[in-house]
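Trainee: Test case, fold it:
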Amino acid sequence: MRLSFRLKHHFFSAFREFFVHHHGSLEFRAKIFALLIASDEERTVENYIIVKNIGMEIYKNDEDRANLLMLSTKELVKKVQDNNGLDIDTLIAHIQKELKIIPRYAKKIDIESLKPIIELTHDRDTISYQENILEFLKTLKEETLHNKKSQIAKDEENLASKY
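Mentor: As a prediction, the model looks like this:
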């Protein structure tokens, strides 16, 4: 990563909500990735490369935004790893809470894009745990999209009229 990006990242970390367009959306995606990555104690740099590559697809080759997604994911995983006020259960609770507040975020859960992270795992128990997490996320997405269909449509209509 370029030095200029690293400096920007440290600045943005402190003031992310103010300077990053659609900060909440990026943070939600980071939580989804962090949930899966943190569930494997033997995480590797390849996990974060996958996140960055997916970010490049999501953000239409905006490298800075893809790097922010990757670094936000890394920060969350580190908090879980260091037991710094965040664990897997708390991360799940945050995801569920955000979906109740902003149900359209359910569309940001892309199960297929998460599968390559599981492919990096070697331990059978961890793979099983990660597959359970994917199944949970899939169910959560489907239930949210079904139960909050009218609210999602209204929110998207409001967003479209703002921009």
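Trainee: Enumerate the positions of the helix or strand hosting Ser25 that are buried.
Mentor: Ser25 belongs to helix 23-38 when assigned by DSSP states H and E. Residues of helix 23-38 classed as buried by neighbour count (16 or more other Cβ atoms under 10 Å): 23, 25-38. (Each C-beta comes from the backbone N, C-alpha and C, glycine too.)
Trainee: elements contacting it?
Mentor: Where contact means 3 or more Cβ pairs under 8 Å, 6 or more residues apart in numbering; DSSP states H and E, helix 23-38 is packed against helix 3-19, helix 45-58, helix 63-81, helix 88-101, helix 111-119, helix 124-147.
Trainee: Make TSV from those helices and add mean neighbour count, mean pLDDT and distance to Asn158 to it.
Mentor: Below are these laid out as TSV (neighbours: other Cβ atoms under 10 Å; pLDDT from 0 to 100; distance: least, Cβ to Cβ, whole Å):
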stretch	mean neighbour count	mean pLDDT	distance to Asn158
helix 3-19	12	55	20
helix 45-58	18	96	22
helix 63-81	20	93	23
helix 88-101	14	95	14
helix 111-119	15	96	27
helix 124-147	15	96	18
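Trainee: Compare these and give me the one nearest Leu159.
Mentor: Closest to Leu159 of the helices and strands packed on helix 23-38, according to Cβ to Cβ: helix 88-101, at 14.7 Å.
Trainee: from the middle of its chain, how far away would that closest one be?
Mentor: 11 Å (Cα atoms, centre = their mean, to the nearest Å).
Trainee: who does it touch, helix- and strand-wise?
Mentor: helix 23-38, helix 63-81, helix 124-147.
Trainee: Which one of those lies nearest to Ile95?
Mentor: helix 23-38 (5.5 Å).
Trainee: On the pLDDT front, check Lys154 for me.
Mentor: pLDDT, Lys154: 84.
Trainee: What's the separation between it and Lys148?
Mentor: Distance, Lys154 to Lys148, by Cβ to Cβ, to the nearest Å: 10 Å.
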